[in-house]
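In: The sequence isn't on hand, but the structure is:
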DNA sequence: TTAAATATCTTGGTACGCCATAATACGATT
DNA sequence: AATCGTATTATGGCGTACCAAGATATTTAA
């Protein structure tokens, strides 16, 4: 990694992160990985203390997360961590299916073998993570897989949408991947996507991507209705 | 529980709008209808003066619009009105196609005649607006048409996504509908969607919706590349 | 025991001030 | 005159303090 292309090589990359962005990431993280549970109140001044920043920042962060759908504001009562109801989760999976299916079809139609190779690599990382029982790794590499799917055909807007929706069902994702057999079935379904792409089979890739999301959705639904009684 | 139902019936709806929401709507409006042009700087203190609110509010609003994609923040230089490039617009149309196609298919599969009736009503409003050369009305009723499409099958999340994306291409929409023949062609294409839904023809509805968006996208592209030279 | 009154908590909103940085203007040096 | 360094200004990033009003908890009075 020495001597890259001229100017770019010596450019000094500043952290460039503002305090607000740092705080935003922290709080989003905290919500996504369950430190704050759905329904928990997010009291501004408490967050100030916990994050060590001013109310100004906290308020901006809360507003941002609100527009992401991770935080809900109740009339005159302040923000809470958004509750994900059953039906909404289903809708999110459905949208993901439509968009990931679209991306898969586009990948297949492009007919660039490098795409399937890149996807295979990501898929192998997923398999490795499953083998090592590294569930955080599974999630990460699954994200990489889908990001590849979208970025290989330059669909960053759609990827943004998928990403936005995905954070809202993150805790469901981490539950579905722990499901019995998911470590075998999941990668197998993803392999079908890659195969269809490699064959240049657009409709097949679309269908395979849809199927994969559909099965994740079904598992999520089962998990959700199972948990209902535990709550 | 008994008293709640009765109470809800006569409950007086408060404006319930916070100052922040009011300001958010104002600024979004201003961007969407072109009062602020793409690339314009949005200086916090100037906005405070123009809106008559404090900087805190303005900052929250800017953050919100940033996450909507209407405002872009430049490193150390502050926010500007986001510029919509060619390719991004195309991607947005593509996503709309996928989601509206999905909604249309679901409507067709549901087989409820009330859906087609409601859509026909919206469509007639669109035709009337075209006849009266009321372009604002065309946009409004087109929105109603699509909202109906989504809400009739309870897909409010997808509708939210479509809505979010649509504001970013709003100025393109207002240009495409002014195009030659769009007043005839547009409603005709939408009628095809409604017909397919009425017939219960899922794939047909999907395809009709896709076609409609695709043609809007093509016009937008033409308009965009045409304007390039005018600018 | 219940109902009214009061205190507390928390958000919505405002005002003001400080610092850091980018851009610009300006002045000095060669 | 061209270049370099410096002062100024505009602006965003961030913090603190304060007030009003709604929601909730707590206490007091009947």
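Out: Thanks, I have the structure now. Computed from a predicted structure; not experimentally measured.

In: Name all residues that make contact with whatever residue of chain A ends up closest to DNA strand C.
Out: Per Cβ to the nearest atom of the strand, the residue of chain A with the smallest distance to DNA strand C is residue A:78, at 2.4 Å. Where you see a C-beta, it was placed from the backbone N, CA and C, and this is true even at glycine. Contact partners of residue A:78, counting by Cβ atoms under 8 Å, 6 or more residues apart in numbering or on different chains, are A:41-44.

In: anything in the longest helix seen in chain A near chain B?
Out: For chain A, the helix with the greatest residue count under DSSP state H is helix A:202-230. No - using Cβ under 8 Å from any Cβ of the partner chain, helix A:202-230 never reaches chain B; the gap is at least 10.4 Å.

In: I'd like the mean pLDDT over that helix, please.
Out: Mean pLDDT, computed over helix A:202-230, is 87.

In: Show me what it is packed against.
Out: helix A:86-110, helix A:170-176, helix A:182-199 (3 or more Cβ pairs under 8 Å, 6 or more residues apart in numbering or on different chains; DSSP states H and E).

In: any idea how far the first one is from the chain center?
Out: Centroid displacement of helix A:86-110 relative to its chain, using Cα atoms, centre = their mean, to the nearest Å, is 13 Å.

In: quick revisit: could I get the helices and strands packed on helix A:202-230 as a markdown table with mean neighbour count, distance to residue B:116 and mean pLDDT?
Out: Formatted as a markdown table, the helices and strands packed on helix A:202-230 follow (neighbours: other Cβ atoms under 10 Å in any protein chain shown; distance: least, Cβ to Cβ, whole Å; pLDDT from 0 to 100):
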| stretch | mean neighbour count | distance to residue B:116 | mean pLDDT |
| --- | --- | --- | --- |
| helix A:86-110 | 22 | 22 | 96 |
| helix A:170-176 | 19 | 35 | 88 |
| helix A:182-199 | 19 | 35 | 94 |
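
In: can you list the ones you listed in a markdown table and add distance to DNA strand D?
Out: Below are those laid out as a markdown table (distance: least, Cβ to the nearest atom of the strand, whole Å):
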| stretch | distance to DNA strand D |
| --- | --- |
| helix A:86-110 | 24 |
| helix A:170-176 | 25 |
| helix A:182-199 | 39 |
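
In: want to throw those helices into JSON lines with distance to residue A:129?
Out: Putting those into JSON lines (distance: least, Cβ to Cβ, whole Å) gives the following:
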{"stretch": "helix A:86-110", "distance to residue A:129": "20"}
{"stretch": "helix A:170-176", "distance to residue A:129": "13"}
{"stretch": "helix A:182-199", "distance to residue A:129": "9"}
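
In: Figure out which of those helices is closest to chain B.
Out: helix A:86-110 (4.1 Å; Cβ to the nearest Cβ).

In: for the residue in chain A that DNA strand D sits nearest to, what are its contacts?
Out: Distance from DNA strand D to each residue of chain A (Cβ to the nearest atom of the strand) is smallest for residue A:19, at 2.7 Å. If a contact means Cβ under 8 Å, 6+ apart, then residue A:19 has A:53, A:57 as its contacts.
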